[in-house]
Structures are given as C-alpha cells and as structure tokens.
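Visitor: the sequence and its predicted three-dimensional model are supplied below.
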Amino acid sequence: MWEDHEVKKPCPFIAVEGAIGAGKTTLATMLAERFNFPLLKEIVEENPFLDKFYQNIEEWAFQLEMFFLCNRYKQLEDTVKNYVSRGMPVVSDYHIYKNWIFAQRTLQGNKREKYRQIYHLLTDDLPKPNVIVYIQAELATLLKRIEKRGRSFEQDIDPGYLERLIEDYETAITQIKAREPETVVITIDGNTLDFVEHPEHFEQIVAQIKEHL
Ligand SMILES: Nc1ncnc2c1ncn2[C@@H]1O[C@H](COP(=O)(O)OP(=O)(O)OP(=O)(O)O)[C@@H](O)[C@H]1O
Ligand SMILES: Nc1nc(=O)c2ncn([C@H]3C[C@H](O)[C@@H](CO)O3)c2[nH]1
C-alpha cells in the first residue's frame, strides 16, 4: 500500500505523454526505475497495422485505432486489477486519452463516430492517471528522435502529420487541465532537457515530480 504521506494524497498513477518520439518510453522507464514503481509499457513491435497505416493512413486508420484501443483497454484492466485497486503506484508510457487524440486526427465521419462511441463505452468507467508528465517537443526534435530510433516504418512519416499531432496534444492537455483540475500536469521541455545524456536534467524532472507525490 502507498502510505508514505503525512497528508494523504492519492496513490500515484503516472502517465508520461507527448507526441511521437518525444521520449515517453525512455522517461517512463527511467522514472519507474528511480521510484521503483511497476512500468506499464506500450506494445509496438507486435502491432500488425502500423506499417500498413503509415503507407496509407486513410485505408488503415480504423483497424489501427481499434487495435490500439483494445490493447490498451486490456492493459489498463490488468493494471487496475494488479496495482491501482490494491493501492499500488504505477507509471505508464501512455494515457488512455491518447487513443482519442489520435483517432480525431486519423478518422473522419461515420468511422470516427463509431470509434467515439466504442472509446467511451470501454474507457469511461476506468480509473485515469492522477499525474501526467507531458513532454513538450517541437517538430525538429521529434524528427531527430524518430530518425535516431530508426524504426523503418516511421522514417517517411509526413512532417505535416507530426505538426498537427503536436497541436492536438497541446489542445488535449489544455482540455484535461480545465476538465480535471485534480489531475497534476507536469510539463517538461523536451527540446532543452536531455534526460538521456544529462543526468542532472533527469534529476530536475524527478524533483519536479516528487513535489506532487
Ligand atoms: N530527452 C531526450 N534527449 C535525447 N534523446 C532522447 C530523449 N528522449 C528520448 N530520446 C531518444 O529518442 C528516441 C525516441 O524515444 P522514445 O522511444 O522514448 O519516444 P516515445 O515518445 O516513447 O515514442 P513513441 O511515440 O513512438 O512511442 C529514442 O532513440 C530515445 O533514446
Ligand atoms: N494512429 C495512431 N493511434 C494511436 O493511438 C497510436 N499510438 C501510438 N501510435 C504510433 C506512434 C508511433 O509511430 C508508434 C509507437 O508509439 O505508434 C499511434 N498511432
């Protein structure tokens, strides 16, 4: 149980968020290790639709979004059962709301509406993270990181798509802040803070998060 507080705060359920390649998995992994919290990590390699999706977004968007949604739903169900409901902290490299951020960008009309209904049915009654670590990064940073990571299917991503996602994330974070004032949102400058190469940058982020735990 999480009882390490003088004033009772909710047990940390931390989600690291940001656009593609912002550094979510890297930072979430480092934070899980530092705080000794279990890590909930996105499944990427076994995704059968990502490659096809990047070749033809319109054709494959619904399949891809449904795949992500069903996978994350299952992961979140397990997380609630194994950690959240037992009062144990957890750090995740995504927030379930990410599904809707992407789906609004990739789906239109009838398919978006069908997806919206399924998304709400599956997620409305699930516990949401109470701390969001948002890595804000500009296009040049994302492109550099995507290239550095070198996943073949991401190398031809349209920079316009990334640019729109950066804006979508900004809008989504603003909406979350307004809608859920109880959720702690910590914004990290992903352009200037290099927590991979500079341990002191990581320490800065850890200190910022500790203030809220
Ligand atoms: N702050 C940073 N400074 C320099 N390199 C970084 C930083 N954060 C991540 N990287 C590098 O950038 C690449 C992408 O990072 P990572 O896979 O963590 O991103 P992500 O946000 O989880 O991506 P995705 O959205 O695709 O899941 C990796 O090669 C990682 O080592
Ligand atoms: N369309 C779409 N919807 C999602 O919910 C989603 N989540 C992640 N991704 C893409 C980004 C990386 O390329 C890769 C790994 O994060 O998968 C997504 N793409």
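Guide: That came in fine, so what should we check first? Ligands and ions are numbered 1, 2, ... in the order given.

Visitor: spatially central residue in the chain, please.
Guide: Nearest to the mean C-alpha position of the chain, by C-alpha atoms, centre = their mean, lies Y94 at 2.4 Å.

Visitor: right, and that residue touches R72 too?
Guide: Yes - under the criterion of C-beta atoms under 8 Å, Y94 lies in contact with R72, with a separation of 7.0 Å. Every C-beta, even on glycine, is put in place using the N, C-alpha and C of the backbone.

Visitor: spatially, what comes nearest to the residue in the chain positioned nearest to ligand 2 if we skip its sequence neighbours?
Guide: When C-beta to the nearest ligand atom is the measure, the chain has its nearest residue to ligand 2 at F102, with 3.2 Å between them. In space, not counting the residues next to it along the chain, F102 is nearest to E65; the distance is 6.5 Å by C-beta to C-beta, 6 or more residues apart in numbering.

Visitor: which of the helices or strands spans that neighbour?
Guide: Element membership for E65, per DSSP states H and E: helix 57-82.

Visitor: name the helices or strands packed onto that helix?
Guide: Packed against helix 57-82 by the contact rule (3 or more C-beta pairs under 8 Å, 6 or more residues apart in numbering; DSSP states H and E) you find helix 50-55, helix 98-106, helix 109-123.

Visitor: helix, strand or coil for the nearest residue to L27 once chain neighbours are set aside?
Guide: Closest residue in space to L27, ignoring its immediate chain neighbours: V16 at 5.2 Å, by C-beta to C-beta, 6+ apart. When the structure is reduced to helix, strand and coil (DSSP: H, G, I helix; E, B strand; the rest coil), V16 reads as strand.

Visitor: surely V16 is in contact with V91?
Guide: Yes - the pair V16 and V91 qualifies as a contact (C-beta under 8 Å) at a distance of 7.1 Å.

Visitor: shared neighbours of the two, anything?
Guide: Here V16 and V91 share the contacting residues 28, 31, scored by C-beta atoms under 8 Å, 6 or more residues apart in numbering.

Visitor: what residues are up against the closest residue to ligand 1 within the chain?
Guide: Taking C-beta to the nearest ligand atom as the measure, the chain has G23 as its residue closest to ligand 1, at 2.7 Å. Taking C-beta under 8 Å, 6+ apart as the contact definition, G23 lies against 135, 137, 145, 190, 195-196.

Visitor: what's the burial count for E46?
Guide: The number of residues packed near E46 is 8, by other C-beta atoms under 10 Å.
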